Structure formats: structure tokens, C-alpha cells
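*Asks:* from the sequence below, what's the structure:
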Amino acid sequence: MIALVWFRRDLRLADNPALHAAVVSGAVVVPVFIWAPEEEAPWSPGAASQWWLHQSLGALAASLSEQGSRLTIRRGPSLEVLLKLAEETRATSVFWNRLYSPAEMARDRDTAAALQKRGLSVSTFAGALLREPEEVRNTSGKPFQVFTPFYKTYLPAEFSKPVGKPQQMAAPEAWPSSLAVSDLALEPKIDWAEGLRESWEPGERGARRHTADFLDGGMSQYSTERDRPDRTGTSRLSPHLHFGEMSPRQLWHAVRRRPAHPDAESYLRQIVWREFAHHLLFHFPETPSQPLRPEFRRFPWRHDPAAFRAWTRGRTGYPLVDAGMRELWHTGWMHNRVRLVAASFLVKHLLIPWQEGAAWFWDTLVDADLANNTLGWQWVAGCGADAAPYFRIFNPTLQAEKFDPEGAYVRRWVPEFGQASYPRPIVAHAAARQRALDALAAIQSR
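*Replies:* Next up, the predicted model:
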């Protein structure tokens, strides 16, 4: 018996339910990755995500080689590739772990039906979340839209322990042909990724090392340091989770194993916040482009390309905002507190639609995740689930004084601050705040 294991955003060997089930079944395993970005449209992976994917696929291929296996890489369409590979290898079954974005769910549903119609067995598994989105409902049987009661459903839950990587994987007598990772052209033609290479170690091993470093160090002060961009107070594990280089179950149990750690619950809340994001995307699939709160469809957004460009380049004249946008440009990541301030500045000081900010983050973040990106931007814009009220408008100067009190973060990313070359603010805070409040009043009065 020969089985295809279709890797997607589960680029790991340990605690990979689809891979584990295929191995346990006794099948000869053919690991497969298919590059078909058009199937995820309009949210195909952005440039920074593609850079990460290139590195992670290389790491996965190396790990499989160490196990005496190989990663077969093909270019889509997925159904066509899977059928062709099944014919080439005489595979009788296909295994994969489920994904939850609207486009991916539709693709997987149609793919499974077509494969089964052709006589192949299809087995799918939950490997990306702690709980399936449809499993969690409020007392009325409806999806949650408030985080705290959603979180409380997780506290008594017992999640099975993660399984290790397969010790042995039966290989086929002859391997199917494969593209090289480089054939996918995921890395930029003009190399802008030096900062990303300096900042990250994509792959399953990198995820393990980074997790160990955080649990041994940063988690000890997580609840007090997580809002300080001038310090290493966050886990920075989001890209590893997004690409499935580690499972949320692995991370949950790794944190739980730390006996009575005072900051454990604070960090576990962040894992469940990620689950909440996927819960919302599953139940409200239009939210990547439309506000959850319908009154915000009438919001009087502005079209201001010059202001948007100043924001993307870190040239707004507000040091904390500019530092965050430059950190994003250089590393493909931005500290979460600064993400809130920068996003708030765009949608409230500049009145530029949150969808434009979400699209920019999608292209530039190495941890660009449709569920998290959507929830974060709608939360800041006041138009989503459990959102911060729109009238709560961050003062970027006061935020810098509070969370970067010595100015170390700003000095690192905006070295010209205080010099003549640094731009004046593109908008005055008081005037921008009043303009934002007037815009909010306009939709509330209708």
C-alpha cells in the first residue's frame, strides 16, 4: 500500500497527525508539497511569506532525507498533481491536515470529492489548531464573538500529548520526479531579504530552538515585558506556528510542563487568541475584506496615497510608528504593541481603510496569517469581534514614552530621529483625533 502525504502549512515531522497516521497504517509514504498559490487567491502568500516558505521547505526536505525519505515538490493545480502522482506511484490513499481559510476549505472539499470519485481513499486530520472551529460554540449554540468566554472554554480542556517524529518511514522502490525548491522561485529576484536571514531560522529545528530559548528566558517575565519593544519580551513564535513547523499542541504542552509558572496563563491566552482568530474566520469568511460590524461599511475612509506611502516607509514623523514600520521592512516582523500603534495610526490618524493596512502586512510579514491578520486589523479599526472601541485613539508620542521610555527601540530603527533629516509629523495628533471622532459620529448618526 502506498500513501501520498500532502504537506501544506504543517512543515514538520513531529506531531504531524497526517504523517503519523500514514506511517502507522503501514503504508509506503510519499511526502508531497504542491505550490499552487492561485488556489489561495485573493490571499496567496505574500513576498515575505514566500521567502520563509523557501527556507522551511528546504529544512523539511533535509529532515525527510535524514529519515531515509524525500520531499516530492510539484507545481499545481493540486488535484491534477495528486492524481498524476497517484498514477505514477500507484498510491491508493492521500493524507493531509486540514486548513481553515475560505479558499483552502473549498479547494480541499472539492479535491477530496474528486479523489474519492477516482477510487482513492482520503483521510484528513486536525493538525493546525487545538480544537476544530466548528466544535466551539457559545451557550446559544452560535459562534463566539467575545474572547474571554471563548478562552474560558479552553481552560478545562485536556489536549492529547503530541507525538514524536516517525522513527522509520517506508520508502517506495522508485521516487517520483521532483522540482527543486529553487524552481518555485519563492525568493526575491532582487535580494531584499538580508534582514530576514539575520533575524530568523525557519524550519522545525529553528522552531524547537526558539521555543526552548523563550521558555528558558522570556516567559519568566512575559506578562510585564510583552509590551516593551525595546526588550526581548515576546516569543516571536508566530511564523513557526503559521507554517506548522511546530503545532499549537506542542507549544501548549511545552508551556504547561513548566511547573506553576506565574506567566504561563498569560502566554496560553495568546495561543487561544490565535484559536479565536481562526474560529472567527471559519464562521465569518467574508471578514478578510468586509467589517464584521456592518455599520462600518458606511465609514468615510480617505484615499491618500502619499500618506499611505509615508506610513509604509516609516516616514510619518511619529518615531514609534516609523520604528515599527522599518522593523517590519527589515525583519518581516513587528513587535505586537507597535503593530497596534502603527495600525491605529493608519486607520484613525490617517483615516485610511484597514483593508489597505491588512494587505501591506500580508505582503511584508513573515507571520502573515489570514485569520490573525484579519482579527488584528478589525480589532484596531473597531469594526470586528471583541474590538477596541474606535473612539479609543492611541497617542503615538505617549505610547512611546510608556513602552519605550529610554528610546532604545526608536534609536535602533530611526537613527536620524532628532536630526534635520527626520520628517515633521504628516498630521497633528489633536486634529487627527478630532477628525476620526467626527468620522465615527457620522456613521453613528445614520
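*Asks:* let me see the contact set for the closest residue to Asp15 other than its chain neighbours.
*Replies:* In space, and not counting its chain neighbours, Asp15 is closest to Pro162: 3.7 Å by Cβ to Cβ, 6 or more residues apart in numbering. The way it works is simple: take the backbone N, C-alpha and C, and place the C-beta from them, glycine included. Contact analysis of Pro162 by Cβ atoms under 8 Å, 6 or more residues apart in numbering lists 14-15, 247, 249-250, 253.
*Asks:* out of the residues you listed, which is nearest to Ile352?
*Replies:* Set against Ile352, the nearest of these by Cβ to Cβ is Ser247 (36.4 Å).
*Asks:* other residues contacting stretch 192-207?
*Replies:* Counting by Cβ under 8 Å, 6+ apart, residues outside stretch 192-207 touching it are 11-14, 48, 51-52, 55-56, 58-60, 63, 187, 209-210, 237, 239-240, 243, 245-246, 329-333, 366.
*Asks:* so which of those residues are in helices?
*Replies:* 48, 51-52, 55-56, 58-60, 63, 209-210, 239-240, 329-331 (DSSP state H).
*Asks:* what's in contact with stretch 300-316?
*Replies:* So stretch 300-316 is contacted by 321-326, 329, 342, 345-346, 350-353, 356, 360, 413-414, 423, 425-427, 439, 442-443 (Cβ under 8 Å, 6+ apart).
*Asks:* swap in stretch 399-412?
*Replies:* Against stretch 399-412 from outside (Cβ under 8 Å, 6+ apart): 227-230, 319-320, 323, 335, 337-338, 341, 417.
*Asks:* follow-up on the earlier one: from the ones in helices among the contacts of stretch 192-207, list just the buried residues.
*Replies:* 48, 51-52, 55-56, 58-60, 63, 210, 239-240, 329-331 (16 or more other Cβ atoms under 10 Å).
*Asks:* from the residues you listed, which two are the most distant?
*Replies:* Top of the distance list for those (Cβ to Cβ): Ser63 and Trp329, 30.9 Å.
*Asks:* which helix or strand in the protein has the lowest average pLDDT?
*Replies:* helix 222-225 (a mean of 88; mean pLDDT, DSSP states H and E).
*Asks:* tell me which strands and helices that helix is in contact with?
*Replies:* helix 264-283 (3 or more Cβ pairs under 8 Å, 6 or more residues apart in numbering; DSSP states H and E).
*Asks:* report the buried residues of the helix or strand that the helix it packs on is followed by.
*Replies:* For helix 264-283, the succeeding helix or strand toward the C-terminus, using DSSP states H and E, is helix 305-312. Neighbour-count burial for helix 305-312 flags 307-308, 310-312 (criterion: 16+ other Cβ under 10 Å).
*Asks:* swap in stretch 73-84?
*Replies:* Buried-residue list, stretch 73-84, by 16+ other Cβ under 10 Å: 73-74, 78-79, 81-83.
*Asks:* now Ser344: which helix or strand?
*Replies:* Assigned by DSSP H and E, Ser344 falls in helix 336-344.
*Asks:* now that helix against helix 305-312, angle please.
*Replies:* 180 degrees (axes from the mean of the first three to the mean of the last three Cα atoms, to 10 degrees).
*Asks:* report the contact partners of the residue most central in space within the chain.
*Replies:* In the chain, the residue lying closest to the centroid (Cα atoms, centre = their mean) is Asp369, at 2.8 Å. Shown in contact with Asp369 (Cβ under 8 Å, 6+ apart): 238, 242, 274, 277.
*Asks:* now neighbour count and pLDDT too, for those, in TSV please.
*Replies:* Converted to TSV, the contacts of Asp369 look like this (neighbours: other Cβ atoms under 10 Å; pLDDT from 0 to 100):
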residue	neighbour count	pLDDT
Ser238	19	97
His242	21	98
Arg274	21	97
Ala277	23	97
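*Asks:* how about JSON lines for the residues you listed, with distance to Pro37 added?
*Replies:* Formatted as JSON lines, the contacts of Asp369 follow (distance: Cβ to Cβ, whole Å):
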{"residue": "Ser238", "distance to Pro37": "21"}
{"residue": "His242", "distance to Pro37": "15"}
{"residue": "Arg274", "distance to Pro37": "23"}
{"residue": "Ala277", "distance to Pro37": "22"}
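*Asks:* where are the low-confidence patches of this protein?
*Replies:* 259-261, 445-446 (pLDDT under 70).
*Asks:* how far does the longest strand along it sit from its chain's centre?
*Replies:* Secondary structure of the chain read by DSSP state E shows that its longest strand is strand 28-35. The chain centre lies 23 Å from the centre of strand 28-35; the measure is Cα atoms, centre = their mean, to the nearest Å.
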